[in-house]
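>>> next come a sequence and a model predicted from it.
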Amino acid sequence: MQKKFVKDSQVFTTELVLPNDTNQLGNLLGGRLMHWIDIVAAIAAQRHSGHVCLTASVDELNFHHPINLGEIVTLQASVNRAFRTSMEIGVLVTAYGSKGGSGRRANNAYLTFVAIDEKNRPTPVPAIIPETQDEGRRYEDALHRREQRLQRRKRM
């Protein structure tokens with residue numbers, strides 16, 4: 001099976017936080033952000049695998065800073081590592097004030113997706129080739145997170 005580079009399936013998207021996206025404090029709802037994260041990660045998984053992909057798990061979703069009404073949010077999804085039929089997708093969320101300027105890391109998440117074939121069965125996915133030092137670190141960290149996830153599953 002062909003191998004692919006991280007850049008081949010990366011997804012970048014931008015959202016504007018509108019009143020319907022916020023809670024009573026004017027902050028972006030966590031559920032709305034989770035929805036955006038799931039979509040951008042699913043697109044990256046599908047680009048990488050060439051198949052429809054299902055969300056298998058969300059390992060971590062860290063809220064570092066609130067995101068406010070009127071701010072611009074960018075989401076960057078990358079395949080950190082591909083296993084046999086599954087992939088770990090990392091999503092970095094950056095918030096920008098409405099007047100521009102430098103962004104701040106607001107959230108990050110790690111999701112696992114499984115590629116499925118036309119009969120809705122898991123299907124093999126291409127391996128990922130890390131090119132940069134940061135991609136290599138994320139590649140190694142993804143294996144560690146997978147091992148922890150499998151150990152948790154055994155304990156349950």
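Looks like it came in fine. The shown structure was predicted, so the numbers you read here are calculated from the model rather than taken from an experiment.
>>> how many neighbours does the closest residue to Thr85 other than its chain neighbours have?
Once flanking residues are discounted, Thr85 sits nearest to Pro122: 3.8 Å by CB to CB, 6 or more residues apart in numbering. C-beta: built from backbone N, CA, C; applies to glycine. When neighbours are counted by other CB atoms under 10 Å, Pro122 registers 15.
>>> any figure for the gap between Pro122 and Asp38?
Using CB to CB, to the nearest Å, we find Pro122 at a distance of 19 Å from Asp38.
>>> same check, this time on Ala106
Applying CB to CB, the value for Ala106 to Asp38 is 16 Å.
>>> which one's more surrounded, these two?
Per other CB under 10 Å, whichever of Ala106 and Asp38 has more neighbours is Ala106, with 23 against 18.
>>> so what's that one up against?
Neighbour list for Ala106: Phe63, His64, His65, Pro66, Ile67, Val73, Val93, Thr94, Ala95 [criterion: CB atoms under 8 Å, 6 or more residues apart in numbering].
>>> ok, of the residues you listed, which come out buried?
Among the contacts of Ala106, those buried by neighbour count (16 or more other CB atoms under 10 Å) are Pro66, Ile67, Val73, Val93, Thr94, Ala95.
>>> could you export those as TSV, including secondary structure, pLDDT and distance to Pro19?
As requested, the buried ones among the contacts of Ala106 are exported to TSV (DSSP: H, G, I helix; E, B strand; the rest coil; pLDDT from 0 to 100; distance: CB to CB, whole Å):
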residue	secondary structure	pLDDT	distance to Pro19
Pro66	coil	94	15
Ile67	coil	96	13
Val73	strand	97	15
Val93	strand	97	20
Thr94	strand	97	21
Ala95	strand	97	17
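>>> pick the one among those residues closest to Thr13.
Of all the buried ones among the contacts of Ala106, Val73 has the smallest distance to Thr13: 8.8 Å, by CB to CB.
>>> residue contacts, the closest one?
14-17, 28, 33, 36, 67, 93-96, 106.
>>> repeat that with 6 Å
Residues in contact with Val73, defined by CB atoms under 6 Å, 6 or more residues apart in numbering, are Glu15, Ile67, Ala95.
>>> ok, Phe5 next?
Counting by CB under 6 Å, 6+ apart, Phe5 has contacts Ile129, Glu131.
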